[in-house]
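> Quick one: sequence and predicted model below, then my questions.
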Amino acid sequence: MIKVRQVEAFKYFMITGSVTSAAELLHITQPATSRLLSDLEYQLGFSLFNRTKNKMTPTPEAHIFFREVQNLFIGLDTLMKVADSISRNNTGRLRIGFLHVMEDLITDVVIDFLAQHPNVSLELEPGGRASLEEMVKSSKLDMAIIADPILDDPGLEIQTMGVHEAKVAMHINNPLANREKLTAQDLADERFIVLGFGSPFRRKVDLAFERAQVKRNIALEARTQRHLYNLVRQGIGTAIIDELVHVDNENVVLVPFEPKVTWKYTIITLKAKQNSRLIDSFNSLVCEKFNQV
């Protein structure tokens, strides 16, 4: 039977490339470490190392085996974190997913949440709507905050937070920045910065301009709305964004956009799994901060 000590010796050798260094990390002698490695090879039934007079080098099989060993120790590390959480009277970790556009809001929520629950550990996972939905459904996340979920999904519990409208983000020196509202026609000559294709938000904005029969001058594509905002702040162009990314007034003005482009923010959890007290507490803080925007 393979012993944990043998696997540890193998792991440290693969990391350091040296039996001597592996022995130091294990706090045992070099001959004892060599014996552990030889015993592991015997148990496995194949060679892990090519041995010359003064050197050991891993075989291709050793590299394959090492990948699985790394996965094993990642799993053990996770178990130790859970055990430590329990020993400190924590209920466990909370795994929170959210859209990239919500990063600043989530930061504020986390600060308040940890002030109330100082011994709770959090894992934060920004991502796209589809991937976050799948992670909740596969129990990789305890909850996620997304926009426009699939409302008839039988596996998800959906809590609506509110509806947002698109805004035109312009540099403060833009002649249109003092308007009370801007239409698609008003923006026909603007130099636009947009999200990449595949973004649900991009599709909504594209459709608004198509219906208004206005062709935009698209000069640049970026991956996140935060990036769009920073480019507008530098005077690179104009963007249609969610006001959640407007965290300061430095050089950027937000103007209401017509026709209206709207989306619904929701919190999703797994319907088959009862929410914990910590999830409910986090949700309450998210809704509170969201309604202050």
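It's in.
> Now find how far off-centre stretch 226-242 is within its chain.
22 Å (C-alpha atoms, centre = their mean, to the nearest Å).
> what's the first-to-last distance across it?
10 Å (C-alpha to C-alpha, to the nearest Å).
> And that stretch, what's buried?
Using 16 or more other C-beta atoms under 10 Å as the test for burial, stretch 226-242 gives 226-229, 231-232, 236-242. In short, each C-beta sits where N, CA and C put it, glycine included.
> And what about residue 214, helix, strand or coil?
coil (DSSP: H, G, I helix; E, B strand; the rest coil).
> burial measure for it, as a count.
Residues near residue 214, counting by other C-beta atoms under 10 Å, number 14.
> That one contacts residue 190, doesn't it?
No. Shown here, residue 214 and residue 190 do not form a contact pair, counting by C-beta atoms under 8 Å, at 10.1 Å.
> in the stretch 101-250 of the chain, which spans are strands?
In the stretch 101-250 of the chain, the strands defined using DSSP state E, counting those that start in this stretch lie at 122-127, 143-147, 156-165, 167-171, 182-183, 191-195, 217-222, 239-241.
> right, so those: which one is the most enclosed?
strand 239-241 (a mean of 26; mean count of other C-beta atoms under 10 Å).
> Summarise which helices and strands the helix or strand just after that one is packed against.
Scanning forward in sequence from strand 239-241 by DSSP states H and E, the next helix or strand is strand 252-258. Applying 3 or more C-beta pairs under 8 Å, 6 or more residues apart in numbering; DSSP states H and E, one finds that strand 252-258 contacts strand 167-171, strand 182-183, helix 225-233.
> which residues are contacting strand 252-258?
Contacting residues not belonging to strand 252-258 are listed as 165-172, 174, 176-184, 208, 229, 232-233, 240-241, 243, 246 [C-beta atoms under 8 Å, 6 or more residues apart in numbering].
> now stretch 20-34
With contacts defined as C-beta under 8 Å, 6+ apart, stretch 20-34 is touched by 5, 8, 9, 12, 13, 16, 19.
> Residue 40 is nearest to which of the helices and strands packed on strand 252-258?
helix 225-233 (48.4 Å; C-beta to C-beta).
> Measure how far the closest one is from the centre of its chain, please.
That offset, for helix 225-233, works out to 19 Å (C-alpha atoms, centre = their mean).
> okay, the angle between it and strand 217-222?
130 degrees (axes from the mean of the first three to the mean of the last three C-alpha atoms, to 10 degrees).
> Could you pull up the mean pLDDT of helix 225-233?
What helix 225-233 shows for mean pLDDT is 92.
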